[in-house]
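Engineer: Provided below for reference: sequence and predicted model.
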Amino acid sequence: MTEKKKTTIVLFSGDYDKAMAAYIIANGAAAYDHEVTIFHTFWGLNALRKEEIIPVKKGFMEKMFGKMMPRGADKMGLSKMNFAGFGPKMIKDIMKRHNAMPLPQLIEMAQEEQDIKLVACTMTMDLLGLKQEELLDQIEYAGVAAYLADAQDGNVNLFI
Amino acid sequence: MTEKKKTTIVLFSGDYDKAMAAYIIANGAAAYDHEVTIFHTFWGLNALRKEEIIPVKKGFMEKMFGKMMPRGADKMGLSKMNFAGFGPKMIKDIMKRHNAMPLPQLIEMAQEEQDIKLVACTMTMDLLGLKQEELLDQIEYAGVAAYLADAQDGNVNLFI
Amino acid sequence: MTEKKKTTIVLFSGDYDKAMAAYIIANGAAAYDHEVTIFHTFWGLNALRKEEIIPVKKGFMEKMFGKMMPRGADKMGLSKMNFAGFGPKMIKDIMKRHNAMPLPQLIEMAQEEQDIKLVACTMTMDLLGLKQEELLDQIEYAGVAAYLADAQDGNVNLFI
C-alpha cells in the first residue's frame, strides 16, 4: 500500500489573487488524491473570517486591527492593480463571465473536501486579535509545530 | 540509473526582482542538471509577453487589463522601492555595471536550455485576457493539473 | 542511522512580518531537529544588516540603495497595513504584550542555534551594494549553487 502524496500551503498573504492561487492549487491537489493542508497565518487568516460582525471582547489594538483587515475572502484586495478596490471588481466580473469560481466558493469547495484541512495559526490569531468565533466553522487550530509535522512529509510545500 | 532531480517554480508575481530570482534559480537548477518547470500564472504571465503590440480580438475588460499590465519582462516594476519606475532603472543600471544578466536575457537563456520548460497557465491567461499570440514563442500551455504532476515529484518546489 | 531532515528558506522579502514568518518556521524546524538554511537574497538581506552605520567605500547608486533600505530587522516595514511605519509599531506593541519574540530576537535565537545556517546571497549583495562588514557576524556567504545543493535534499523548501 502506497501512502498518499501530501501538499501543504502556508497562506500568509491576505490578497484575493494569491489566496485564489492557493485554493486552486489545494483543490487541484485534492482532486489529484493528495492530502492537503492550508495553514493560514498572518493576513491569510482573513480568508477564514466570517463576513458578519461577531461580538467578541477585544483590547483597543485588536479592535483596530479587526476593523482594518478585510472581513472574509470576498473583501480582500488584489496584490497588483488593486486600484482602491476597483481591481477586485474587474477580476470578479471577468471571472463571472468566464464561469470561474470566485474565492469564497473555492474555499467552500475546499471545506467540503475531506482531504483538505484548513488550519488557522493560533499564534498569529493571537497577535491580530482574531477569535475562533470570528472564523469559519469546522477549521482546525494549530501552531508552527503542527505545520512542520505535515510539511516535512509533504511532496509539494508552498509559501504563498 | 538515477532519475533526474526536479525543480518547479510557480511564478505568480509580476515584479521584475521576483521574476529575476525565479529565473536565476531556474537557470541555476538546470546547470545543476535538474529538470525545471516555471509555471507562469496571474501577473507572472507578463514576463512572457512580447514587447510589441499584437492585434487580437478582446473584450473591453481584457483590453483594459492588457493595457495596464506590463508588456514583457523589461517593463515590469520592482516589488520594493519601485519609485514610479525609477527603482528598476537603478537596478538595471547597477546590473549593467556589474555585468549581471537583465531579466529578458535570463528568460532567453532559460528558453535555450533544453531542461527548462516555460509554461503559461491557461486559466489565468483567460482571466487576464492574454492570448497565445501575445506570449513568447515555444512555450507550453497547461493548467494546474499539469503543474501538480510535475511538482509532486519535485525536489525543489517554490511559489514566487 | 537516519539522516536529519532539512528545511531551506529563501528569504527574498524585506518585510518585517514575512521575515518573522521565515524565522519562526526556521526556529521551529530546528526545534524539530531539522538542519535549516535561510538564504537571504534581495530585500531579505536587510534582515541581516547591522543597525549602526559602517563606513565602507561605495559608488553613488550603492550609497543611495544603502540609505533607502532599512538598516536591520527592527527597521523593516510590514507587507500589509504598514501605514508609514505605524503598522510595525502596532504589531510590536501587541507582540510585547503577548510576550511574542520580536524579529531581532528571533534572528539572535537562530544565530545561536547550531543547526541553523544564515546565508547571505553574494550576487544580490553586490547588486544592492552591501558589504560583509555591514552584515551580522558569523553568517555565511554563498550563491545560488550552494542554495540549490541544500534545497535539492530539503524536505521543506520555501520561498518567502
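Structural biologist: Noted; the coordinates are in hand.
Engineer: Can you pull up the most central residue in chain A?
Structural biologist: With distances taken as C-alpha atoms, centre = their mean, residue A:47 lies nearest the centre of chain A, 4.2 Å away.
Engineer: State the mean pLDDT of the helix ranked longest in chain A.
Structural biologist: Using DSSP state H, we find that the single longest helix of chain A is helix A:16-31. Averaging pLDDT along helix A:16-31 gives 98.
Engineer: Show me which positions of it end up buried.
Structural biologist: Residues A:16-30 are the ones in helix A:16-31 that count as buried (16 or more other C-beta atoms under 10 Å in any protein chain shown). For glycine as for every other residue, the C-beta is placed from the backbone atoms N, C-alpha and C.
Engineer: Return the list of helices and strands in contact with it.
Structural biologist: strand A:6-11, strand A:35-40, helix A:86-97, helix A:103-112, strand A:116-121, strand A:156-159, helix B:144-151 (3 or more C-beta pairs under 8 Å, 6 or more residues apart in numbering or on different chains; DSSP states H and E).
Engineer: Check what contacts it and list those residues.
Structural biologist: A:5, A:7, A:9, A:11, A:13, A:36, A:38, A:44, A:47, A:73, A:76-80, A:88, A:91, A:103, A:106-107, A:109-110, A:113, A:115-116, A:156, A:158, A:160, B:10, B:12, B:41-43, B:123, B:144-145, B:147-148, B:159 (C-beta atoms under 8 Å, 6 or more residues apart in numbering or on different chains).
Engineer: Spell out which residues of chain A are next to chain C.
Structural biologist: Contact residues, chain A versus chain C (C-beta under 8 Å from any C-beta of the partner chain): A:10, A:12-14, A:41-43, A:61-62, A:64-65, A:68-69, A:123, A:126-127, A:129, A:144-145, A:147-149, A:151-154, A:157-159.
Engineer: Report how many residues lie close to residue A:122.
Structural biologist: By the criterion of other C-beta atoms under 10 Å in any protein chain shown, residue A:122 has 17 neighbours.
Engineer: How about residue A:121?
Structural biologist: Neighbours around residue A:121, by other C-beta under 10 Å: 27.
Engineer: same deal with the one 10 residues further on?
Structural biologist: Using other C-beta under 10 Å as the criterion, residue A:131 is surrounded by 14 other residues.
Engineer: Excluding residues flanking it in the chain, which one is nearest it?
Structural biologist: residue A:56 (4.5 Å; C-beta to C-beta, 6 or more residues apart in numbering or on different chains).
Engineer: which bits of chain A sit near chain B?
Structural biologist: When proximity is defined as C-beta under 8 Å from any C-beta, chain A approaches chain B at A:5, A:7, A:17-18, A:21, A:24-25, A:28-29, A:31-32, A:34, A:79-81, A:90-91, A:93-95, A:97-98, A:100, A:155-160.
Engineer: could you redo the last one with a cut-off of 6 Å?
Structural biologist: Selection of chain A residues close to chain B by C-beta under 6 Å from any C-beta of the partner chain yields A:5, A:17, A:21, A:24, A:28-29, A:32, A:80-81, A:90, A:94, A:98, A:155-156, A:158, A:160.
Engineer: Give the full set of residues in contact with residue A:8.
Structural biologist: Residue A:8 makes contact with A:37, A:150, A:151, A:154, A:157 under the criterion C-beta atoms under 6 Å, 6 or more residues apart in numbering or on different chains.
Engineer: Please produce JSON lines containing those residues, extended by pLDDT and neighbour count.
Structural biologist: JSON lines is the format used below for the contacts of residue A:8 (pLDDT from 0 to 100; neighbours: other C-beta atoms under 10 Å in any protein chain shown):
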{"residue": "A:37", "pLDDT": "98", "neighbour count": "25"}
{"residue": "A:150", "pLDDT": "97", "neighbour count": "20"}
{"residue": "A:151", "pLDDT": "98", "neighbour count": "29"}
{"residue": "A:154", "pLDDT": "97", "neighbour count": "24"}
{"residue": "A:157", "pLDDT": "98", "neighbour count": "28"}
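Engineer: Need the max-distance pair from those residues.
Structural biologist: A:37 and A:157 (9.6 Å; C-beta to C-beta).
Engineer: quick one on the thing from earlier: convert the longest helix of chain A to CSV, retaining C-alpha atoms only.
Structural biologist: C-alpha atoms of helix A:16-31 as CSV (Å, rounded to 0.1, in the frame of the first residue of the first chain):
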residue,chain,number,x,y,z
TYR,A,16,-7.5,37.9,-3.1
ASP,A,17,-5.5,36.7,-6.1
LYS,A,18,-2.8,34.9,-4.0
ALA,A,19,-5.5,33.2,-1.9
MET,A,20,-7.2,32.2,-5.1
ALA,A,21,-4.0,30.6,-6.3
ALA,A,22,-3.6,28.8,-3.0
TYR,A,23,-7.1,27.4,-3.1
ILE,A,24,-6.9,26.5,-6.8
ILE,A,25,-3.7,24.5,-6.1
ALA,A,26,-5.3,23.0,-2.9
ASN,A,27,-8.5,21.9,-4.7
GLY,A,28,-6.4,20.6,-7.6
ALA,A,29,-4.1,18.6,-5.3
ALA,A,30,-7.1,17.1,-3.6
ALA,A,31,-8.5,16.1,-6.9
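Engineer: just how off-centre is that helix within its chain?
Structural biologist: A distance of 9 Å separates the centroid of the chain from that of helix A:16-31, by C-alpha atoms, centre = their mean, to the nearest Å.
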